[in-house]
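*Asks:* fold the following and give me the result.
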Amino acid sequence: MKFQWIILAVALIAGFATRYFVDSHETRVAEAEQTSGQLESGSETINLFNTSDERLRVVYFGFTHCPDVCPTSLAILGAALKAVSQDELSKVWPVFITLDPERDTPEKSAQYAQYFHPEITGMTGTQAQTQLLAKKYGVLYMKSTQEDSALEYSIDHSSYFYLLKPDGTLLEKVPHTLNPNILVDAITKNERLLFEN
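*Replies:* Residues are numbered from 1 along each chain as shown. The predicted model follows:
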């Protein structure tokens, strides 16, 4: 009989401990989700999902050490921003979010984005924020080791432009393109949807 009480006590303790860790994990995930849009740009914290800012978000995920896809995509974004009218430009918030917060400081991301167009905001989040945002929008990325390279590693990632409402709702996903007009058309179409409703 004594042995059964011991088993019961151990089972109860294990149950309570499991519940504590699950609750604790869920709380951390909820807190991270609430702050997932609060990223650093230069020396300031900016809320990507600030609904009082009504502009259409055009978000690109990449990293500053990217040798080809990221600079090409950001150059296309820059060309698209130059091609839209001044009125359309005032209703767009172009954003670059790094997938490499380990190396890309907020200052580095902000400076890198500015090379491609002065309106692009470069942002860096924590690893947890980056993972949550990537999961939210289906961004695939993975760190890959580069032996015999001063960079040590690279980030393999999908390449899309994500057009978002101010609250973060995805409107459209535009795949990597070498034609800025495709992005211009998507911006124009989604601005109409956003501002006519």
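*Asks:* what about the helices in this structure?
*Replies:* Secondary structure of the chain (DSSP state H): helices located at 2-34, 69-83, 86-89, 106-114, 127-137, 180-196.
*Asks:* in stretch 120-139, what's buried?
*Replies:* Neighbour counts over stretch 120-139 (16 or more other C-beta atoms under 10 Å) mark 120-125, 128-134, 137, 139 as buried. Just so you know, the C-beta spots here come from the backbone N, C-alpha and C atoms, and that holds for glycine as well.
*Asks:* what does stretch 180-191 contact?
*Replies:* For stretch 180-191, the external contacting residues (C-beta atoms under 8 Å, 6 or more residues apart in numbering) are 56, 58, 76-77, 79-80, 83-84, 88, 91-92, 161, 163, 171-172, 174, 177.
*Asks:* now it: buried residues?
*Replies:* For stretch 180-191, using 16+ other C-beta under 10 Å, the buried residues are 180, 183-184, 186-188, 190-191.
*Asks:* filter the contacts of stretch 180-191 down to the buried ones and hand me the ChimeraX line.
*Replies:* Burial among the contacts of stretch 180-191 is assessed by 16+ other C-beta under 10 Å; the matching ChimeraX selection reads:
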select :56,58,76,77,79,80,84,88,91,92,161,163,171,172,174,177
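*Asks:* what's the closest non-adjacent residue to T72?
*Replies:* In space, T72 comes closest to L178 once its chain neighbours are excluded; the distance is 7.2 Å by C-beta to C-beta, 6 or more residues apart in numbering.
*Asks:* ok, that neighbour to L170 distance?
*Replies:* Distance of L178 to L170, given as C-beta to C-beta, to the nearest Å: 23 Å.
*Asks:* what about those two, which has more around it?
*Replies:* A count of neighbours by other C-beta atoms under 10 Å puts L170 above the other of L178 and L170, at 14 against 10.
*Asks:* correct me, but the more buried one touches F161?
*Replies:* No: shown here, L170 and F161 do not form a contact pair, counting by C-beta atoms under 8 Å, at 11.2 Å.
*Asks:* ok so, going back, mind picking the two most distant members of the buried residues of stretch 120-139?
*Replies:* Spatial extent of these (C-beta to C-beta) is set by the pair I120 and A128 at 24.0 Å.
*Asks:* okay, now the domains of the protein?
*Replies:* 1-34, 38-196 (automatic domain parsing).
*Asks:* and the helices of the chain, which one is worst for confidence?
*Replies:* In terms of average pLDDT, helix 2-34 trails the rest of these, at a mean of 59.
*Asks:* between the buried residues of stretch 120-139, which sits nearest L48?
*Replies:* So of these, ranked by how close each gets to L48 (C-beta to C-beta), first place is M123, at 7.2 Å.
*Asks:* distance check, the closest residue to the closest one other than its chain neighbours against F96.
*Replies:* Counting by C-beta to C-beta, 6+ apart, M123 lies nearest to L39, which is 3.9 Å off, once chain neighbours are set aside. L39 sits 11 Å away from F96, taking C-beta to C-beta as the criterion.
*Asks:* list residues touching both of those two?
*Replies:* By C-beta under 8 Å, 6+ apart, the residues touching both L39 and F96 are M123.
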